[in-house]
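# Attaching a predicted model along with its sequence, questions to come.
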Amino acid sequence: MRILVTGGTGFTGKALVKRLLDDGHQVVALDYKEGLKTSELRTWGAEVVIGSVTDQAVVRRCMAGVEVVQHLAAAFRELNVPERHYWDVNVGGTRVCLEEAKAAGVRKFIYCSTCGVHGDVRNPPTDEEHNIAPADYYQQTKYEAEPVVAEFARQGLATVILRPAAIYGPGDPERFFMIFRRVARGVFPMFGSGRTLYHPLYIDNLVDAHVLAMAPGRGDGKVYLIADEEYVAIEDLVRRVARAMGVAVKVPHYPIWPVIVVGHVVEKVCKPFGITPPIFPRRVDWYRQNRAFKIDAAKRDLGYAPKVGLDEGLKRTYLWYKTEGLLS
């Protein structure tokens, strides 16, 4: 098939593009700027288009001959932009892609949302229908796009919404890197109890879900949480990272509330100067907000079965960091 992947140079997008090409599909990857990753995608055989999902003409051009759209593009962790930017890209850009997909006769549209729409999970684990409580502007705008997808589903466009948990794996130098880097130093400061729940999602497992969702009639019009089999307490995660690295780690505990206050203050001080703060509320949330989900629906309807477990995934990720020279 000919498949459009928006956000094709992101961590998930790049992994998905590679899988689709390896499976013999033609891939158009849309992203907003040139870079080393766009060159790599072209080397693999993808057609790369530079532009924004908010640009109707660019999106229309990308849709020519496309059967399936994998819509991953999003404004994420962009701290020095107005809040309106998140809405324009995450909600407005999704509507543009849906409009052009429908007009082009696309067979299926898969929207990558986020488990963040569930906020702090009060009675873990939660399912797709409960604990809807997006906690920040990114999560809120990702959730606001979901009814837009549902609107087009009612108009006859086959759609699937996926809400991935905490994605990690080889190829991503950001999401889990801070955990590995601190463990490598031998001491991991733990703010709070360390019993907060966290639900990892290995990148290959997420790509499996995106591929499964392309099948005709599979999951049409529905929303699915996608995660690994296992959620863990964050202190357990830290210790299993240490085990994957073959090192010892000390985990001293400290009160969390001073860090919460500092996060808010530092973010406010840095914002007028356009500086990315070293600590901010979203980062502190890792220590205190539960993330634990049920994946029964995805297993039942999509045939989803996460193949890579946590310990194996952490080991593969560590080896990638080591090979890339990111950990001394």
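Looks like it arrived, so ask away.

# Surely T126 and F293 touch.
Yes - under the criterion of C-beta atoms under 8 Å, T126 makes contact with F293 at 6.1 Å. Any C-beta I mention is one placed from the backbone N, CA and C, and that applies to glycine too.

# Compare these two (neighbour count), which wins?
With neighbours defined as other C-beta atoms under 10 Å, T126 and F293 compare such that F293 has more, 26 against 21.

# got the phi/psi numbers for that one?
The phi/psi pair for F293 (degrees, to the nearest 10) reads phi -140, psi 150.

# Show me whatever sits in contact with both of T126 and F293.
Residues touching both T126 and F293 by C-beta atoms under 8 Å, 6 or more residues apart in numbering: H118.

# Do a quick rundown of the strands in the stretch 51-200 of the chain.
Secondary structure of the stretch 51-200 of the chain (DSSP state E, counting those that start in this stretch): strands at 68-71, 108-112, 158-164, 166-168, 190-191, 197-198, 200-202.

# Which stretches in the stretch 101-250 of the chain count as helices?
Ranges of helices in the stretch 101-250 of the chain, per DSSP state H, counting those that start in this stretch, are 137-154, 177-184, 203-212, 234-245.

# Excluding residues flanking it in the chain, which one is nearest K33?
Setting aside the residues directly before and after it, K33 is nearest to I50 in space (C-beta to C-beta, 6 or more residues apart in numbering), at 6.6 Å.

# That neighbour: what's it in contact with?
I50 is in contact with 31-34, 38, counting by C-beta under 8 Å, 6+ apart.

# Run through the bridge partners of it.
Beta-bridge pairing for I50 (DSSP bridges): D31.

# How about V5?
For V5, the beta-bridge partners under DSSP bridges are A29, Q70.

# on that earlier part again, out of the helices of the stretch 101-250 of the chain, deepest packed?
helix 203-212 (a mean of 22; mean count of other C-beta atoms under 10 Å).

# Just the angle for that helix relative to strand 158-164, thanks.
Counting by axes from the mean of the first three to the mean of the last three C-alpha atoms, to 10 degrees, helix 203-212 lies at 170 degrees to strand 158-164.

# Show me what helix 203-212 is packed against.
Helix 203-212 is packed against helix 11-22, strand 158-164, strand 166-168, strand 222-226, helix 296-302, with contacts defined by 3 or more C-beta pairs under 8 Å, 6 or more residues apart in numbering; DSSP states H and E.
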